[in-house]
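# Predicted coordinates and the sequence they were generated for:
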Amino acid sequence: MELPEPEVERLLHDVLSEFHGRHQRLLPFLLERFAAVRHHLLTDKPLSESRRLLIGSYFTQEYALESAALFNPSLVWHPDQSGLPPGARRFILSLRAVGEGHISSVGFRCGTIDAGGVIALARPTGFVTAPHVVATSLYDKMLFQRKLAELGVCDPFVDLVLDAMTSHFTLGDLEATLAKTGRQHRGRRREWESVAAAILALARANYEIECGADSDISERVIFPYSPAETNGIEDARFVRFVEDDGSVHYFATYTAFDGAVTLPQFVETDDFVHFRIGTLNGPEIANKGMALFPRRIRGCYWMLSRQDGENIYAMQSDMLHFWYAKQPVLRPTQPWEFVQVGNCGSPLETPAGWLVLTHGVGPMRKYSIGAVLLDLDDPTRAVGRLHLPLLAADENERVGYVPNVVYSCGAAIHDGLLVIPYSMSDYATSFATVRLDDVLDALTTAPPA
């Protein structure tokens with residue numbers, strides 16, 4: 001604020017000269033950054049645009065999302081299939097991107113698969129801008145209260161706060177009500193501080209973000225925002241979900257990590273521009289590797305999980321965000337999976353059953369990808385299982401951030417071809433394809449033991 005205006009102009013010129021070509025929409029972004037810190041100013045004196053831009057630049061930093069690794073892919077069909085030649089389909093690939101500080105976020109790529117099974121990825125633009133958090137997103141009071149109860153946050157202070165809220169409220173409404181209720185009950189303020197912190201933590205773990213509608217898919221990112229995500233968000237498993245009425249939505253589960261605790265989170269989107277992110281709740285929500293089935297079965301939602309870090313379970317629920325019971329489906333059986341078995345993304349529906357790609361961990365922490373077939377009407381019953389891995393790292397894929405690993409978070413079926421995007425030793429991503437009939441033949445002739 002003490003800099004003379006000519007010095008402000010000179011410094012801003014230097015900043016723009018050096019960074020303007022590295023970013024899209026840089027000037028509006030710097031003004032947004034200024035607006036975010038404006039309340040720290042000691043005066044309401046009008047400022048020139050140059051001074052506002054310069055202040056914004058001091059509160060902006062570049063972050064290389066993929067500087068360390070780009071891996072653990074999940075493939076779903078793009079909501080826009082227009083303008084393609086016969087037999088081709090467009091897909092969206094979500095990826096775990098690891099950057100400075102080894103913080104993970106979710107990035108995206110777009111590509112096509114043609115009638116001959118040839119895969120082509122669109123070239124990324126090289127630009128990414130952090131999404132906007134939607135400040136006007138609404139919380140449902142009844143659902144919010146139920147989530148608090150699931151987390152064991154039960155206190156008279158909760159009732160006082162929520163009784164003062166309308167049926168739907170924003171984060172700003174909640175913060176104002178918490179402050180007002182605290183002032184009205186100053187004598188118990190210290191006692192209720194931890195409860196207020198828990199209420200806010202839940203609210204901030206359920207939020208909405210919006211990317212630029214005109215941005216390329218490679219420019220969009222889901223970056224850590226809530227307190228539960230401070231050390232990254234990992235391994236998004238996207239699925240194209242078809243409701244009973246034929247409507248299509250895209251859901252994903254991912255793992256939030258705060259440096260000590262992992263927490264499963266849930267993502268909803270219809271267009272990959274606007275994302276709703278929230279907590280999963282219930283006594284069976286624990287650990288990693290949850291993958292939703294692509295449709296309801298017998299009127300219920302189903303999900304695969306791995307609560308104990310060793311076995312695969314199936315869960316069913318009548319509510320997407322609440323899960324109360326699990327049943328075992330698969331235990332480590334073969335030597336290449338003795339340490340652990342888990343899923344590699346959402347099940348794929350075939351006439352023979354639900355095709356589930358699995359990951360197994362064997363000697364020397366070597367990860368391989370296997371396959372199992374589950375009954376279409378009863379996903380707790382395995383009807384086929386490969387005794388040998390479907391995919392394992394070759395010599396060109398064994399060296400990386402985590403060696404000897406192949407891993408996927410979601411495959412797809414295209415014109416009789418099983419398309420598996422997979423990571424190579426947790427640093428880069430590749431694709432494998434195999435005829436679906438060959439996999440199903442091997443599964444239906446193999447006992448599920």
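Alright, I've got the coordinates. From a predicted model like this one, the values you see are computed outputs, not experimental measurements.
# can you give me the strands in the stretch 151-300 of the chain?
In the stretch 151-300 of the chain, strands defined by DSSP state E, counting those that start in this stretch lie at 168-169, 207-210, 221-222, 233-242, 248-257, 262-269, 274-279, 288-292, listed in chain order.
# Kindly reformat those strands as JSON lines containing mean neighbour count and mean pLDDT.
The C-beta positions use only the backbone N, C-alpha and C, and glycine is treated the same way. Compiled in JSON lines, those are given as follows (neighbours: other CB atoms under 10 Å; pLDDT from 0 to 100):
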{"stretch": "strand 168-169", "mean neighbour count": "16", "mean pLDDT": "94"}
{"stretch": "strand 207-210", "mean neighbour count": "18", "mean pLDDT": "95"}
{"stretch": "strand 221-222", "mean neighbour count": "22", "mean pLDDT": "96"}
{"stretch": "strand 233-242", "mean neighbour count": "23", "mean pLDDT": "96"}
{"stretch": "strand 248-257", "mean neighbour count": "22", "mean pLDDT": "95"}
{"stretch": "strand 262-269", "mean neighbour count": "20", "mean pLDDT": "91"}
{"stretch": "strand 274-279", "mean neighbour count": "20", "mean pLDDT": "94"}
{"stretch": "strand 288-292", "mean neighbour count": "24", "mean pLDDT": "92"}
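# Determine which of those approaches Leu31 most closely.
The stretch from those with the least distance to Leu31 (CB to CB) is strand 207-210; that distance is 17.8 Å.
# Run through who's touching that closest one.
Where contact means CB atoms under 8 Å, 6 or more residues apart in numbering, the residues beyond strand 207-210 that reach it are 131-134, 137, 171, 222, 225-226, 273-278.
# Apply 6 Å and report the result again.
Residues from elsewhere that reach strand 207-210 (CB atoms under 6 Å, 6 or more residues apart in numbering): 131-134, 137, 274-277.
# Can you tell me which of those lies closest to Glu7?
His132 (31.9 Å).
# Which residues does the closest residue to the closest one other than its chain neighbours form beta bridges with?
With CB to CB, 6 or more residues apart in numbering as the measure, Glu210 is the residue that lies nearest to His132, at 5.0 Å, once sequence neighbours are left out. With DSSP bridges as the criterion, Glu210 is bridged to His132, His274.
# So Glu210 versus Pro227, what's the distance?
Summarising the geometry, the distance separating Glu210 from Pro227, computed by CB to CB, to the nearest Å, is 21 Å.
# What of Glu2?
With the distance defined as CB to CB, Glu2 ends up 36 Å from Pro227.
# likewise Ser74?
Counting by CB to CB, the gap between Ser74 and Pro227 amounts to 25 Å.
# Of those two, which one has the most company?
Between Ser74 and Pro227, counted using other CB atoms under 10 Å, Ser74 has the larger neighbour count: 28 against 14.
# where's the more buried one, which helix or strand?
Ser74 is part of strand 69-77 when elements are defined by DSSP states H and E.
# Distance from the chain centre to that strand, please.
Average the C-alpha atoms of strand 69-77, do the same for its chain, and the two points are 11 Å apart (CA atoms, centre = their mean, to the nearest Å).
# go on, stretch 266-277?
Its chain's C-alpha centre and that of stretch 266-277 lie 9 Å apart, by CA atoms, centre = their mean.
# Other residues contacting that stretch?
Among residues not part of stretch 266-277, those counted as contacts by CB under 6 Å, 6+ apart are 207-211, 213, 249-253, 278, 280.
# Residues contacting stretch 413-420, please?
Looking at what lies outside stretch 413-420 - CB under 6 Å, 6+ apart - the contacts are 89, 113, 117, 348, 408, 411-412, 432-434, 436, 439.
# Just send those residues back as JSON lines, with distance to Phe19, pLDDT and secondary structure too.
As requested, the contacts of stretch 413-420 are exported to JSON lines (distance: CB to CB, whole Å; pLDDT from 0 to 100; DSSP: H, G, I helix; E, B strand; the rest coil):
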{"residue": "Arg89", "distance to Phe19": "38", "pLDDT": "98", "secondary structure": "strand"}
{"residue": "Ile113", "distance to Phe19": "37", "pLDDT": "98", "secondary structure": "strand"}
{"residue": "Gly117", "distance to Phe19": "42", "pLDDT": "96", "secondary structure": "coil"}
{"residue": "Leu348", "distance to Phe19": "44", "pLDDT": "98", "secondary structure": "strand"}
{"residue": "Ser408", "distance to Phe19": "37", "pLDDT": "98", "secondary structure": "coil"}
{"residue": "Ala411", "distance to Phe19": "40", "pLDDT": "98", "secondary structure": "coil"}
{"residue": "Ala412", "distance to Phe19": "39", "pLDDT": "98", "secondary structure": "strand"}
{"residue": "Ala432", "distance to Phe19": "40", "pLDDT": "98", "secondary structure": "strand"}
{"residue": "Thr433", "distance to Phe19": "41", "pLDDT": "97", "secondary structure": "strand"}
{"residue": "Val434", "distance to Phe19": "46", "pLDDT": "98", "secondary structure": "strand"}
{"residue": "Leu436", "distance to Phe19": "48", "pLDDT": "98", "secondary structure": "helix"}
{"residue": "Val439", "distance to Phe19": "49", "pLDDT": "97", "secondary structure": "helix"}
